[in-house]
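Asker: Structure, please.
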Amino acid sequence: MRVIRRRRKSVRKTIFMQLTLGVFVCVTLLWPARAMAQATSSGLPSETPSKLEPVTNAFDYVRREVMISMRDGVKLHTVILVPKGAKSAGILLTRTPYDADTQTNHGSAHLGPTLSGYDNATEVIIEGGYIRVVQDVRGKYGSEGDYVMTRPLHGPLNPTPVDHSTDTYDTIDWLVKNIPESNGRVGILGISYDGFLPLMALVNPHPALKVAVPMNPMVDGWMGDDWFHNGAFREQGMPYIYEQDGTRNNSAKWWADHYDDYDVFMQAGSAGELGRQHGLEQMGFWRKILEHPNYDSFWQQQAMDKILAAQPLRVPVMLVHSLWDQEDIYGAPAVYRAIKPKDTGNDKVFLVLGPWHHGEEIHDGSVLGALRFGSDTGLYFRREILVPFLAQYLKAGAPKADVASVTAFETGTNQWLRLRSWPSGCASGCTPKSTPLYLSAGLKLESAAPRNGEASFDEYVSDPAKPVPFVARPVHLNDAAGEDTWRTWLVSDQRGPSGRPDVLVFTSEALTSPLKISGQPVANLVASTSGTDSDWVVKVIDVYPDEVAGQPPMGGYQLMVSADIFRGRYRESLETARAIAADKPLLYKFSLPTANHVFLPGHKIMVQVQSSWFPLYDRNPQTFVQNIFWAKPEDYKKATQRVYHTSFVELPLVAVQ
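Answerer: From the prediction side, this is the model:
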């Protein structure tokens, strides 16, 4: 009996426990879903809603975020900002790898402030009443798919059926069919990488694409834009590659162990070794750079000037170039040269040359470093050129824009010129005359060729252990102050380098009348090296008078007007590197960047020659190795560099009006 009672008691206990558990389960199931979602392990509810619903009744625009399907099924994150009350409005599209959300959401109820910032010519968008669309390219931020740096067109370098041309086509097709407030006309514009993408849009363009404005576009990464200049590798781009290629949202950050980049790059030795120390070979684009140090088909087949030269000209294009572009100084003029011959009606290809750093045209353009222009050149470009140009193609009934084929700011005199073509020195089409200035004996810069009996050369010792810095040390470009240094380094005072023993300085007499150049100076350097490889840097400089009234700091200022580097191993062929014959005078001929400048009376012209520009460019070991990315410490050797007085710089001179 006791056993039976114990069993009954046990059964009652079991039933009680089951009932209790059942009640707990019922209560749990009946607990509101939102409360459950907010519950924490401590029992304290979260204060964050499961989904925030912004209240935007007071906003003067409507924000839409959509995922637009491409032809291969990949969906691209796209932000659409429509001004409230918009009807039959044109669409301004920018495609970007730099986060569409960040570019379109600065926390304002007003469209202007919420767009203010990178790649938004704000007053142009607002005053024009345009629908603003910004899209993440495939593989970046909110978009699906795989990221490939400046993804090449479908072909040998891209076996997939999709590229930026097809993605732009598919995007525009969706936009004109799904934005009821639009008039079906689309313009595409952008700066830098975002300027490269409008060039891609010109390949098999969508019929609704009515105008393109590539600003400071990346065009040829080997010849003179982001990655190389004439074969010399731009080491300062390595942090960008790491962060841009490393993660979808750029969350991986490049690190340094010195404040001064000069020390960072020196201690690593070669660029390849620095990349190895940072794990950069995990990034697919870095591996491609290591594999293609020469100007082979990898670079040639994705050069946008070459690509567009082979395409029909269907869409009006305005190319915007900065005369002191520290990142993409090659691109826009190269595309202009490639496609302008197709513009038989002189109504589809336009060029703007401004006195700016990379992208400054959408900001205040009154100053650049120590230079003062007397007016806001950026505002002039946007209001007097960009606004009417876009309106002509994107607004029904808009008048034809009164925009010159070429609008060029003339530095030195600081005035805008309306020109028929480029290069041209005046409105009537003055053709520049190539005029030599010789690097003469006595470190003089003269128009006359060298005379018999004069010394035949000047020389210096280039030491890879003490390369010439491209800006004054410390070289630190990772904070706000450093960003300003990076933006303005091309106009920095060159008196620092001019005092070094490893920099040759040739100077003219003071000018008695103005002298103008329009176009690209060409270096014709006759030089020898005691090594078997060498870099050559040539800089054309405007030397200000010893004193400048009203601007004391400009007294004696040495302003770079046009300058670039050439890696000697490519003297015979850009595609195949070859050792240089030691101690043999050889001709190194290469073009310098575009200039439109007047050397004023009382100023002097200077040419500086050196063999390093560090750490903007990697050091040449001055001993020939197959791939400089993997040069060993023992490869870096001093070399005696001789510059012969038969050397000259061809200046594209034009008559001063």
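
Asker: to the chain's geometric centre, what's the distance from stretch 232-245?
Answerer: 12 Å (Cα atoms, centre = their mean, to the nearest Å).

Asker: Asp364 touches Ser375, doesn't it?
Answerer: No - shown here, Asp364 and Ser375 do not form a contact pair, counting by Cβ atoms under 8 Å, at 10.6 Å. C-beta coordinates here come from the backbone N, C-alpha and C atoms, glycine included.

Asker: Which of those two has more residues huddled nearby?
Answerer: Higher neighbour count among Asp364 and Ser375: Ser375, with 14 against 10, using other Cβ atoms under 10 Å.

Asker: Hmm, that one is touching Ser366, no?
Answerer: Yes - with contacts counted by Cβ under 8 Å, Ser375 reaches Ser366, the gap being 6.7 Å.

Asker: got the contact list for the residue nearest to the spatial centre of the chain?
Answerer: In the chain, the residue lying closest to the centroid (Cα atoms, centre = their mean) is Ser192, at 3.9 Å. Residues near Ser192 by Cβ atoms under 8 Å, 6 or more residues apart in numbering: 215-218, 327-328, 358-359.

Asker: Check it and give its pLDDT.
Answerer: Looking at Ser192, its pLDDT is 98.

Asker: for Val656, same thing?
Answerer: Looking at Val656, its pLDDT stands at 82.

Asker: sec struct for it, please.
Answerer: Three-state assignment for Val656 (DSSP: H, G, I helix; E, B strand; the rest coil): coil.

Asker: residue contacts, it?
Answerer: Counted by Cβ under 8 Å, 6+ apart, Val656 has contacts 425, 513-516, 598.

Asker: Report the separation between it and Leu319.
Answerer: From Val656 across to Leu319, the span is 26 Å (Cβ to Cβ, to the nearest Å).

Asker: One more: Asn158?
Answerer: Remark: distance between Asn158 and Leu319 (Cβ to Cβ) = 25 Å.

Asker: Pairing partners for Asp542 in the sheet, please.
Answerer: Beta-bridge pairing of Asp542 under DSSP bridges involves Leu559, Ile605.

Asker: if we can go back for a sec, comparing Asn158 and Leu319, which shows the higher neighbour count?
Answerer: Leu319 (29 against 16).

Asker: Skipping adjacent residues, who's closest to the more buried one in space?
Answerer: Leaving aside its chain neighbours, Leu319 sits nearest to Ala332 (4.3 Å; criterion: Cβ to Cβ, 6 or more residues apart in numbering).

Asker: you'd agree the one you found is in a helix?
Answerer: Yes - per three-state DSSP, Ala332 lies within a helix segment.

Asker: So it is in contact with Asp220, correct?
Answerer: No - with contact defined as Cβ under 8 Å, Ala332 does not count as touching Asp220 (11.3 Å).

Asker: number of nearby residues for Gly496?
Answerer: Considering only other Cβ under 10 Å, Gly496 is surrounded by 15 other residues.

Asker: and Ser322, what is it in contact with?
Answerer: Ser322 sits next to 216, 329, 354-361 when contact means Cβ under 8 Å, 6+ apart.

Asker: oh, I was asking about Ile125
Answerer: The contact partners of Ile125, by Cβ under 8 Å, 6+ apart, come to 92, 111-112, 115, 132.

Asker: hmm, which two among these are most spread apart?
Answerer: For those, with distances taken as Cβ to Cβ, the pair at the greatest spread is Leu92 and Gly112 (13.7 Å).

Asker: Show me which of those two is the more surrounded one.
Answerer: Leu92 (25 against 16).

Asker: How much space separates the more buried one from Arg314?
Answerer: As judged by Cβ to Cβ, Leu92 and Arg314 stand 19 Å apart.

Asker: just Asp261 next, same as before
Answerer: According to Cβ to Cβ, Asp261 stands 44 Å off from Arg314.
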